[in-house]
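1. Structural data only, the sequence is not supplied:
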């Protein structure tokens, strides 16, 4: 196994599949990436991208596992294997889309599917326990593809005292730093997060943090309002027909998460189904039409992003570069542009909004193979740079 991995590392470039499913839990993003070098010399070129959506029933089962009130240990056990199959299928599809065979792929990097994230210490039997759990076992992926797979990236950072998130900032630094412009790399997935890349920065100057809910509350509202027929607000069309309720927006912005200084991370534990359902009940209790509830939730995401950037970013930022599913929500993007200067899509700087996070995990897998750290301690709060992930051999 070790000799095979060394041979891969010695190649001038490597074909790596990055796999990602975020907090929206709507499917698996797969990016086939050509990677050269490692560390500061990394270059990455996107060859193909594919998304394998979860069917509604599977998505509902995954989301149920994220809730301590509905997740069962037998279901977690089986879903860990099932999602391994699903991630492996996504890898096969993106490779076929590129007109290649799996035998030509050198490595797979899989984030897996987060079902619970508890990075703050809890006292248990004399230990301060921090934990995070991603399923979609990399051993299943390696078995089904015949390709060595790196997975379970977040756990080592959490073990080192970090938040385990965000991990994309290393890839942001390697691929998107600018000598002349300060950049805020904004990703609006289920959770919105940002990487700050000051102009001409070194890695030690990079920092990042979660800003709050991205699409998570909006998606839940759309599912509730439509009886499960629609899982997101396509293009922000529903929000565009509603009116923002200032009072309800102010209540949402009073959540204590927004006052926490970085490093910080959040997820469904704070802004998931229970939070969104309570919000919808408050909106309806005020007599608001459902479109107004969606509009207010969309404004909530925009305000959370803008508030976090204003309060916690110290360096000048000339460009806010947006990616993730929220970058396709025109109403949300308009609200962001009204609050922030220099908002643009990642495509304008040569990236891909859809593929960005999957590509990042291809880069992180490459760093693991090269023996380099995948976290940025200033970002996650970890006590030291750490080699991330576990390798399931081919």
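-> Arrived safely, thanks for sending. For clarity, every value in this text was computed on a predicted model and none was experimentally measured.
2. Could you use CA atoms for every contact and neighbour count after this?
-> Fine.
3. I'd assumed residue 156 was in contact with residue 131.
-> No - with contact defined as C-alpha atoms under 8 Å, residue 131 does not reach residue 156; the gap is 9.8 Å.
4. On the strand side of things, show who residue 184 bridges to.
-> Counting by DSSP bridges, residue 184 forms beta bridges with residue 196, residue 320.
5. can you pull the contacts of it?
-> Residues in contact with residue 184 (C-alpha atoms under 8 Å, 6 or more residues apart in numbering) are 194, 195, 196, 197, 317, 319, 320, 321.
6. Filter these down to the buried ones and hand me the ChimeraX line.
-> Per 16 or more other C-alpha atoms under 10 Å, the buried members of the contacts of residue 184 correspond to this ChimeraX selection:
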select :194,195,196,197,317,319,320,321
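7. need the contacts of residue 184 in TSV with pLDDT, can you?
-> TSV is the format used below for those (pLDDT from 0 to 100):
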residue	pLDDT
194	96
195	97
196	97
197	98
317	97
319	97
320	98
321	97
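8. now, among the contacts of residue 184, which is nearest to residue 377?
-> Nearest to residue 377, judged by C-alpha to C-alpha, of the contacts of residue 184 is residue 195 at 13.1 Å.
9. so how far is residue 247 from that closest one?
-> Going from residue 195 to residue 247 by C-alpha to C-alpha, to the nearest Å gives 30 Å.
10. Would you mind giving the dihedral angles phi and psi of residue 304?
-> Backbone torsions for residue 304, taken as degrees, to the nearest 10, come to phi -60, psi -40.
11. tell me the strands in this protein, going along the chain?
-> Ranges of strands within the chain are 13-21, 27-36, 43-53, 107-124, 127-135, 149-151, 183-188, 191-197, 207-213, 319-323, 343-345, 390-392, based on DSSP state E.
12. would CSV of those strands with distance to residue 286 be doable?
-> Converted to CSV, these look like this (distance: least, C-alpha to C-alpha, whole Å):
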stretch, distance to residue 286
strand 13-21, 35
strand 27-36, 35
strand 43-53, 35
strand 107-124, 32
strand 127-135, 37
strand 149-151, 46
strand 183-188, 28
strand 191-197, 27
strand 207-213, 22
strand 319-323, 33
strand 343-345, 33
strand 390-392, 50
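13. among those strands, which is nearest residue 272?
-> Nearest to residue 272 among these is strand 207-213 (8.7 Å), distances taken as C-alpha to C-alpha.
14. Give me the pLDDT value at residue 3.
-> Residue 3 carries a pLDDT score of 77 in this model.
15. What's the separation between residue 376 and residue 152?
-> With distances taken as C-alpha to C-alpha, residue 376 is found 17 Å from residue 152.
16. Those two: who's more crowded?
-> Using other C-alpha atoms under 10 Å, the more surrounded residue of residue 376 and residue 152 is residue 376, with 27 against 23.
17. That one against residue 168, yeah?
-> No - applying C-alpha under 8 Å as the test, residue 376 and residue 168 come out as separate, 9.4 Å apart.
18. buried set for stretch 381-392?
-> So for stretch 381-392, counting by 16+ other C-alpha under 10 Å, buried means 381, 382, 384, 385, 386, 387, 388, 389, 390, 391, 392.
19. The last one reaches residue 142, doesn't it?
-> Yes - applying C-alpha under 8 Å as the test, residue 392 and residue 142 come out as touching, 6.3 Å apart.
20. so what sits against both of those two?
-> The contact sets of residue 392 and residue 142 overlap at 148, 149 (C-alpha under 8 Å, 6+ apart).
21. Which pLDDT does the model give residue 145?
-> On the pLDDT scale, residue 145 is placed at 98.
22. Tell me the spacing between it and residue 51.
-> Computed as C-alpha to C-alpha, the residue 145 to residue 51 distance reads 17 Å.
23. Thank you kindly, that will do.
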